[in-house]
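Turn this into a structure:
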Amino acid sequence: MISCITLKNDTFKQFKIKNVDEENIYKKCGYKSSNNFSKLYTWTIDSRLELELWSKVDSASKVYNQHSIFLKYAISVNSNNKCIFLLKSNNNYTNLDGKYFNEFFDLKEVIETESHTNDANANDANNTNDGNANTNDAKTLKNLEKNLEKNLEKNLEKNLEKNLEKNLEKNLEKNLEKNLEKNLEKNLEKNLEKNLEKNLEKNLEKNLDKNEDNDVNSELSYELYSYSDEETEIS
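Numbering: from 1, shown residues only. Sure thing, here's the model as predicted:
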């Protein structure tokens, strides 16, 4: 890890970064993209040391940072833009100390120090956290949607099965009751008709037998009576 210094408005901050190269310096400076980000100035200190200034180039800006460094070297930096100072030794970025920085520019600035253990500065960390939060929110939303769909499907299936079973039971009971009533009525009617027919036949037969007996008795009585009359006449 190496130390670097940033400047925004009139505030200097010193913090540590790692794995820095010209392709990712914009991230160390807190920007989301490298658009219009470039090296604005290079101070050659000796044959092996150089001090670089990087920031966004905003040619349309009308308000520029009025710090003495920029005024002295005619550097145009948007007043709202952050810039970063990096020290390079033999084409490799190395530590830039706050005391050395003030001595080089003959400044008496108070440089705030921050401790960073990741690749980005505070803004990068916030952007990363925001990105992670958005990712987590998306995952949570997806899981919520999945669980909702699953529960909906489960409840729908359960209610459908319950209603089907209930209706089936109700219809079965209704049909059973209806068929039982119908069969009972039919059997009752059939048995009544059968018994009526049987009783009628039996009574008819009984009456016929009785009438036949009466006829026989009548005939016998008549014969006896006739015989009695004959004997009377003979006497």
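
Distance check, the residue nearest the centre of the chain against residue 157.
Nearest to the geometric centre of the chain sits residue 145, at 1.1 Å (CA atoms, centre = their mean). Residue 145 sits 19 Å away from residue 157, going by CB to CB, to the nearest Å. (Each C-beta comes from the backbone N, C-alpha and C, glycine too.)

residue boundaries of the helices in this protein?
Using DSSP state H, the helices found in the chain span residues 25-28, 68-72, 98-105, 122-234.

any chance of the ones you listed in CSV, with mean pLDDT and distance to residue 35 too?
Putting the helices of the chain into CSV (pLDDT from 0 to 100; distance: least, CB to CB, whole Å) gives the following:
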stretch, mean pLDDT, distance to residue 35
helix 25-28, 95, 9
helix 68-72, 94, 22
helix 98-105, 94, 28
helix 122-234, 75, 15
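
Can I get those helices in CSV including distance to residue 11?
Supplementary listing: those in CSV, determined by distance: least, CB to CB, whole Å:
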stretch, distance to residue 11
helix 25-28, 17
helix 68-72, 13
helix 98-105, 13
helix 122-234, 12
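
Select, out of the ones you listed, the one closest to residue 57.
helix 25-28 (11.7 Å; CB to CB).

pretty sure residue 110 is in contact with residue 14, am I right?
No - the pair residue 110 / residue 14 is not scored as a contact, 10.7 Å apart, by CB atoms under 8 Å.

Comparing these two, which residue is more hemmed in?
residue 14 (19 against 9; other CB atoms under 10 Å).

Just list whatever residues bridge to the more buried one.
In this entry, residue 14 is beta-bridged to residue 5, residue 113, by DSSP bridges.

got a list of what it touches?
3, 4, 5, 96, 98, 111, 112, 113, 114 (CB atoms under 8 Å, 6 or more residues apart in numbering).

State the distance from residue 167 to residue 174.
Counting by CB to CB, the gap from residue 167 to residue 174 is 10 Å.

correction: residue 191
Distance of residue 191 to residue 174, computed by CB to CB: 26 Å.

now residue 105
Residue 105 is 98 Å from residue 174, by CB to CB.

neighbour count winner among the two?
The neighbour count for residue 105 versus residue 174, taken as other CB under 10 Å, is higher for residue 105 (17 against 10).
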